[in-house]
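Engineer: Can you look at this prediction? I've put the sequence above it.
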Amino acid sequence: MAATRWQSASGDRRGKAPYTGVMPVTLPAIIDTWFDARGWRPRRHQMDMLAAAERGDHALLVAPTGAGKTLAGFLPSLADLIAHPTDRLHTLYVSPLKALAVDVRRNLLTPIEEMGLSISVETRTGDTPSDRKARQRVRPPHILLTTPESLSLLLSYPDAALLFSDLKTVIVDEVHAFATQKRGDLLNLSMARLQAINPTLRRVALSATVADVDAYRAWLAPDGDIDAVTPVMGEAGAEPNVAILIPEGRVPWSGHSGKYAAKQVMAEIEARQTTLVFCNTRGLAELIFQELWSVNDANLPIAIHHGSLSIEARRKVESAMAAGKLRALVATASLDLGVDWGNVDCVIQMGAPKGSSRLLQRIGRANHRLDMASEAILIPGNRFEYLEARAALDAVEAGERDADDFRPGSLDVLAQHVMGLACAGPFRAEELLAEVQSAMPYSALTPEAFDHVLHFIEGGGYALRAYDRFKRLTQDDDGSWRVSHPRFIQQHRLNAGIIVDQPALAVRFANGRKLGTVEEGFAAQLRPGDSFFFSGMALEVVRMDTSDLTVRATSKQARIPSWGGSRMAMSTRLADRVRHFLAEPEEWHRFPPDVREWLEMQKLRSTLPQPGQLLIETFPHEGRHYLVCYSFEGWNAHQSLGMLLTRRMESQGLMPLGFVANDYALAVYGMKPVTDPASLFSADILDHEFVDWVEQSSLLKRAFRDVAVISGLIERQHPGKRKTGRQVTFSTDLIYDVLRKYQPDHLLLKAAWADARARMTDVGRLGDLIDRAGQTMLHVTLDRVSPLAVPVLILIGREHVAQTAAEDALLMEAEALVAEAMRAD
């Protein structure tokens, strides 16, 4: 086939000046003609990716949304398949979301069909029919789009070595979304196995929001060899047009939903073709949808999308969006990664974005073209969130991204991976250890630690060795390891996966139609006749059993469901910017008048902390004594600190009554004043109170439940039957108690502790806070509440309030609190 030889070229129109590359690369004529027919030319980074492939290099592409990252990732594969046709699996594409794999297939098939290429593309996820999965292992497509979990399961079959023997490329899309998490651990281990099967395999990763390029190059490379990965930087696109919506009236003192701006948001929706409305949580998405629907006087088609809705509901919404049938879609993080809907012309973020990288990712969903400015609107929920929103805008303008925290690979994930490889066939420990160590997260894994993992799978640990159901591996006389019984292979394939959902009930109509799931904790609060909002509808509970919540549509007043899980904390870089705002009055002219007034009154009545300084205020209010700590370390860290401080206050006889927290501050209140806050924040609080609190609370049991499921110790499903969440929790709690008593150094207890410290308590930021307190604490004693304390104090009493009368009473109380704080005398 004839080919055109080009230099790497910038721009997407033929009239733009060419980029003078180092080496010419060859693009097949059929692809060249396809670009020509559209008046396009490949962008520089697309040609650079082709050049890296011709050299056989691994590659990391960092390019803004709309720059053609997906095509850049696949272009070398298409070129190679045109030049060297095959009937084998050529390219594996891994995405963090099932929806993204489906969307990429749709977008990739378009150019393939328009070029008339005989290249097959299929998806393989948990939603793929079993007969298609079986066929794919025998007659695979040229390009397979999948997720980390589905790839891991493919590797558990004996024919995996044959299936992947000719695999040329693995493409990891949106690599920032999971590289630093347990799913990234599993994917890196899977890539190590693929590399062992075919040492010439190329690894490619794509992202729009990577801060530390070299860290991701090391993560991607075999053996962490950073020089083996070519960094390819995309062209900068048009600057986004982002605004903060200043509502009619004043910025609220408290709240985080932005629901007060529903009318203004609806006006923006009416003025545009299609709008994406992002919310930070599923509960908030349900709330905002209802608020928007109540002011949708024009009866425009709007919908809702989040991870707890049924697959049928989500696919229906995604298809409607792709067809341009919706004017607005209220969504969560389930859609902020890579899904390409070119007709979206505005993104609205309800509440603070929590990080510049997340904001950029969401902004990029609008217009989705490099040469067109994305439009976005931020709706801050309160005055602190206004500062955070302004900080996020400044960070975006400065090109600043949120830092990523790479950590050692998790041992529960390693246990699952090892069991999966054992299902494919026997292995020798020393050979598998070398392979595992070639995965960057496990590069420092010691032979002793690996041996602990093997013996855990072999018998569960010595405290559980009497139980046959934990004896999943057996070591033969020749030293090789194999699966003890075929039933363990079936058990592994039924239960493997990294995402451990909270115990949940299916929400169904009486005819059996499934709407989605709600967590058991929320369902337990419901009784027949109660109503709640879900999937954009008001639903009345008809009956419930151990697995299903049967409902019917209703017009009754309803409540918003709650979901567990940790809340997103403001990134450390945004927190630093907010601290600078407080200390730099010369910046305040950029803020709305009421925000300026708030800060000016704080400066007059108390003080504003300098960057790096920890401000502690103490004051009396309505017969109680308050301590407010302005640390800006996020809700999770503040919740943990609140637990620790109240314990320490109790031991000092200060009679604490409770605490409340938001992302910006923590308020603790009690019957006696705190005169020496430094004694509460001493460094040993993380050695004594922290350990006692975590071990006595449910945190460690929750963490143990997750690692027990991921490691395969506890199964969620039996053939033909799925355990309820309550049954899984009961099983893990029993084992947890046994291990705590008889084997406290068990591998899973260590893994649970690591999870509890990092994921549930944000102990890293908590430790930074404690360290800072010892050196920079500024204690200010006041005679009454300060302006800066109002947003967090307003939260007292609001945690579980649903009744209108109670809300009205709390509103009056909040107004009195504001008046007291903002009085100058």
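Structural biologist: Now that the structure is in, tell me what you want to look at.
Engineer: Following the helix or strand bottoming out on mean pLDDT in the chain in sequence, what is the next regular element?
Structural biologist: When each helix and strand of the chain is scored by mean pLDDT, DSSP states H and E, strand 3-6 comes last, with a mean of 29. Next in sequence after strand 3-6, counting helices and strands by DSSP states H and E, comes strand 25-28.
Engineer: now the residue of the chain positioned farthest from its centre: how far from residue 416?
Structural biologist: The C-alpha centroid of the chain is most remote from residue 825, which lies 46.4 Å away (CA atoms, centre = their mean). Computed as CB to CB, to the nearest Å, the residue 825 to residue 416 distance reads 64 Å. Any C-beta I mention is one placed from the backbone N, CA and C, and that applies to glycine too.
Engineer: same check, this time on residue 526
Structural biologist: If you go by CB to CB, the gap between residue 526 and residue 416 works out to 34 Å.
Engineer: try residue 197
Structural biologist: Distance from residue 197 to residue 416, by CB to CB: 19 Å.
Engineer: Between those two, which has more neighbouring residues?
Structural biologist: Per other CB atoms under 10 Å, whichever of residue 197 and residue 416 has more neighbours is residue 416, with 27 against 17.
Engineer: Report the backbone C-alpha coordinates of the host helix or strand of residue 418 in CSV.
Structural biologist: In this structure, residue 418 sits in helix 411-424 according to DSSP H and E. Written as CSV, here are the backbone C-alpha positions of helix 411-424 (Å, rounded to 0.1, in the frame of the first residue of the first chain):
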residue,chain,number,x,y,z
LEU,A,411,-1.0,-6.6,49.5
ASP,A,412,-4.6,-7.6,49.3
VAL,A,413,-4.5,-6.7,45.5
LEU,A,414,-1.4,-8.8,45.1
ALA,A,415,-3.1,-11.7,46.8
GLN,A,416,-6.0,-11.5,44.3
HIS,A,417,-3.5,-11.2,41.4
VAL,A,418,-1.5,-14.2,42.5
MET,A,419,-4.6,-16.3,42.9
GLY,A,420,-5.7,-15.3,39.4
LEU,A,421,-2.4,-16.4,37.9
ALA,A,422,-2.6,-19.7,39.8
CYS,A,423,-6.0,-20.3,38.1
ALA,A,424,-4.2,-20.0,34.7
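Engineer: could you pull out the helices for the stretch 401-550 of the chain?
Structural biologist: Ranges of helices in the stretch 401-550 of the chain, per DSSP state H, counting those that start in this stretch, are 411-424, 429-437, 447-459, 486-495, 520-523.
Engineer: where among those helices is the average confidence lowest?
Structural biologist: Comparing mean pLDDT across the helices of the stretch 401-550 of the chain, the weakest is helix 520-523, with a mean of 81.
Engineer: For residue 43, report the pLDDT, please.
Structural biologist: For residue 43, the model assigns a pLDDT of 88.
Engineer: What is the neighbour count of it?
Structural biologist: 25.
Engineer: Contacts only, for residue 287.
Structural biologist: By CB atoms under 8 Å, 6 or more residues apart in numbering, the contact set of residue 287 is 257, 259, 279, 533, 560.
Engineer: out of those, who has the most neighbours?
Structural biologist: residue 279 (24 neighbours).
Engineer: For the closest residue to that residue other than its chain neighbours, give me its contacts.
Structural biologist: Distance criterion CB to CB, 6 or more residues apart in numbering; nearest residue to residue 279, sequence neighbours excluded, is residue 285 at 4.2 Å. Contacts for residue 285 (CB under 8 Å, 6+ apart) come out as 279, 304-306, 330-332.
Engineer: host element of residue 285?
Structural biologist: Going by DSSP H and E, residue 285 is in helix 282-294.
Engineer: Was I right to think residue 526 contacts residue 532?
Structural biologist: Yes: counting by CB atoms under 8 Å, residue 526 does reach residue 532; the two are 7.0 Å apart.
Engineer: Those two - which one has more neighbours?
Structural biologist: Comparing residue 526 with residue 532 by other CB under 10 Å, the one with more neighbours is residue 532, at 25 against 19.
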